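Asker: sequence plus the predicted model coming up.
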Amino acid sequence: AAAGARAAVIYSGGFAETGKAGAAHQHRLADIVSGTGIRLLGPNTSGFLAPHAGLTATFVPGAAQVRPGKVA
């Protein structure tokens, strides 16, 4: 956010599901998001794809082969 990014993806676990320390990290992250307006996908995501645009931002095997369709 400080560098001017308007969106981010966090491909990581280890937040509130891990206990107090992880919950503290998650609350800090939520504060940053709400304070800056940055759009956030994650944590605990496998990514996203937009086949119509040729965009694959995931580590899921085979995701790049998904063809565009009519389902969002």
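Answerer: In hand now; what should we look at?
Asker: which intervals of this protein have sub-threshold pLDDT?
Answerer: Along the chain, segments meeting pLDDT under 70 span 72.
Asker: in it, which spans are strands?
Answerer: With strands called from DSSP state E, the chain shows them at 7-9, 39-41, 47-50, 55-58.
Asker: CSV for those strands, including distance to residue 22 and mean neighbour count?
Answerer: Just so you know, the C-beta spots here come from the backbone N, C-alpha and C atoms, and that holds for glycine as well. Below are the strands of the chain laid out as CSV (distance: least, C-beta to C-beta, whole Å; neighbours: other C-beta atoms under 10 Å):
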stretch, distance to residue 22, mean neighbour count
strand 7-9, 18, 13
strand 39-41, 16, 13
strand 47-50, 21, 14
strand 55-58, 23, 14
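Asker: got TSV for these, with distance to residue 25 too?
Answerer: Output for the strands of the chain, formatted as TSV (distance: least, C-beta to C-beta, whole Å):
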stretch	distance to residue 25
strand 7-9	15
strand 39-41	13
strand 47-50	20
strand 55-58	22
